[in-house]
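In: predicted structure and sequence below. I'll ask about it afterward.
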Amino acid sequence: MENAPSLIIKSNRTTLFVAAKNGDNYAEHDIQVKFVLGYYWNKGLPVVEKFIELIESVIKRAVSQVFSHDVLAIEYDISTNDSLEDSSSVNIYLKSLKADNIEFKIVGEVIALGGIDNRNTISKITSFRRKINESIKKEI
């Protein structure tokens, strides 16, 4: 299992770093989080949904560069502290990544986004009804 392909995710305050490694092959991509989120907000796009789509496409691109495959299956959990539109905290937990049924080792499996909580008191109190805790499995 030491030579198993791997997906590495790291971050700092402004950048999300995604890398895939398989043997001697290595691919890396950066997402400039502030710029991307700013663009989504400016254009009135659904921020969280678009950001998740972007992460999925970057993971697919990185894996494709190091491991030729037909089907990429990804499984992750997403949790928020309110509805997607009003949430100030989004956590994505990568659980599984398989390319043609070959399991990738995941390093840095949690992607946490947090921002200023501008919800009023009533919204905060009633947010338990709108919180999202979902498990998502898809082929990309």
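Out: The structure has been received and is ready for your questions.

In: now the helix or strand bottoming out on mean pLDDT in the chain: how far from the chain's centre is it?
Out: Each helix and strand of the chain was given a mean pLDDT (mean pLDDT, DSSP states H and E); the minimum falls on helix 121-126 at a mean of 78. Distance of helix 121-126 from its chain centroid, counting by Cα atoms, centre = their mean, to the nearest Å, is 27 Å.

In: so what strands line up beside the following helix or strand past it?
Out: Using DSSP states H and E, the helix or strand that follows helix 121-126 towards the C-terminus is strand 133-139. Using DSSP bridges, strand 133-139 pairs in its sheet with strand 72-80 (antiparallel).

In: how many neighbours does Phe128 have?
Out: 9 (other Cβ atoms under 10 Å). Glycine gets a C-beta too; all of them are placed from N, C-alpha and C.

In: longest helix of the protein?
Out: helix 47-66 (DSSP state H).

In: which helices and strands sit right next to that helix?
Out: Contact here means 3 or more Cβ pairs under 8 Å, 6 or more residues apart in numbering; DSSP states H and E; on that basis helix 47-66 packs against strand 6-11, strand 15-22, strand 25-32, helix 33-43, strand 72-80, strand 89-99, strand 110-114.

In: and these as CSV, adding distance to Lys124?
Out: Shown next, in CSV, are the helices and strands packed on helix 47-66 (distance: least, Cβ to Cβ, whole Å):
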stretch, distance to Lys124
strand 6-11, 26
strand 15-22, 27
strand 25-32, 29
helix 33-43, 21
strand 72-80, 13
strand 89-99, 12
strand 110-114, 15
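
In: could you tell me the least trusted of the ones you listed?
Out: Here the lowest mean pLDDT among the helices and strands packed on helix 47-66 goes to strand 110-114, at a mean of 86.
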